[in-house]
Every structure is written in C-alpha cells, then in structure tokens.
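>>> Just the structure for this:
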Amino acid sequence: MSTPNSRPVSAAALAEAQRLLPYLAALIEQNDPALAGLDFNAVEARSAAIGDLVGRLLLRQVLDKNGSLAPQEEQAVRQAALAKAAPERAKGREPAQLKVIVQRDKPRTLKTARGPVPVPRDYWYFPELHVGIFPPRLET
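As a prediction, the model looks like this:
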C-alpha cells in the first residue's frame, strides 16, 4: 500500500495504525476542530492537541517495548548508584557486588516536549547505599 504521496507503507506501520485507530477516533470526537462556533485559534489548538496526544501514545508504545537492561546498561546503573551515594557508603564498593532490589512497573511520569507521558518503569533500590535509580539511563 502507498500513502497519498506515493510512498510505500510497511505492513507493520499499517498494523500499528489499525491499533491506534480507536484512540484517534476518540481524540477526534472529543477535540473535533469542526465544531460549530470555533474560531481559527480554537481549531488550531484542538488540532495541535490531537497531534500531541498521538505523539504521546507513540512515545508510550516505544517505552513499553523497552525490555530488560543490557549488561552494559546494568553496569551503568550500578555505577550511577555509586556516584549518587554518600561517599562514606560508596567507599570500597564495587558496582558488580552491590545488592539491588528491583521494583517492577513503578508509576513514573516522563516529561516530554509534547507533554507528560505516564509510564511504568523499574525502580532499582540499592539498600547498602540508600540510593534508588530509575534505569536504564535517565531519571525523569
């Protein structure tokens, strides 16, 4: 299949569009820019809101697809915990030897250019250091 500008669209993209169709329909219905009595600024604002929400849906999907940490990412999280810890707690400890408690799917909000995106993330707590980290790379 091709788009209106004759560019081919992958089957994966079409499947994703089908999955998003109910969300898009609801967004359009709730923010229909053609509602009577709207001025141009209101139409523009509602259209932008739809685009922003679609962007956040796609970002959320990408975040949901992130799997477990690669070994080098896990090592980076452990090193970040040591760096964040009080010096007296971190002294003499090696990243690989740190005990960790992983709390799965802790609610977190990711701040994006398009607005906040709620996302469940793993939270790693290092009891020896009294430090917690939201991996893989950045705390939000």
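
>>> where does the chain dip in pLDDT?
1-6, 31-34, 63-68, 136-140 (pLDDT under 70).

>>> switch the cut-off to 90
The model of the chain has pLDDT under 90 over residues 1-76, 102-123, 133-140.

>>> residues contacting the residue in the chain sticking out farthest from the centre?
Relative to the centre of the chain, the most outlying C-alpha is that of G37, 36.1 Å out, by CA atoms, centre = their mean. With CB atoms under 8 Å, 6 or more residues apart in numbering as the criterion, no residue contacts G37. (C-beta placed from N, C-alpha, C; glycine too.)

>>> ok, it to V43 distance?
11 Å (CB to CB, to the nearest Å).

>>> One more: A96?
A96 is 57 Å from V43, by CB to CB.

>>> Between these two, which has more neighbouring residues?
Remark: of A96 and V43, V43 carries more neighbours, 15 against 9, as counted by other CB atoms under 10 Å.

>>> which secondary structure elements does the helix or strand that contains that one contact?
Secondary structure assignment for V43, by DSSP states H and E: helix 40-65. When contacts are defined as 3 or more CB pairs under 8 Å, 6 or more residues apart in numbering; DSSP states H and E, helix 40-65 sits against helix 11-30, strand 101-112, strand 115-126.

>>> Tell me the buried residues in it?
Using 16 or more other CB atoms under 10 Å as the burial criterion, the residues of helix 40-65 that qualify are 46, 50, 53, 56-57, 59.

>>> the inter-axis angle of that helix versus strand 115-126?
30 degrees (axes from the mean of the first three to the mean of the last three CA atoms, to 10 degrees).

>>> quick check: angle from the helix or strand following helix 40-65 to strand 115-126?
With elements assigned by DSSP H and E, the helix or strand that comes after helix 40-65 is helix 71-84. Interaxial angle of helix 71-84 relative to strand 115-126 (the same axes, to 10 degrees): 80 degrees.

>>> Walk me through the domains of this protein.
For the chain, whose domains are defined here by automatic domain parsing, the residue ranges read 11-65, 71-133.
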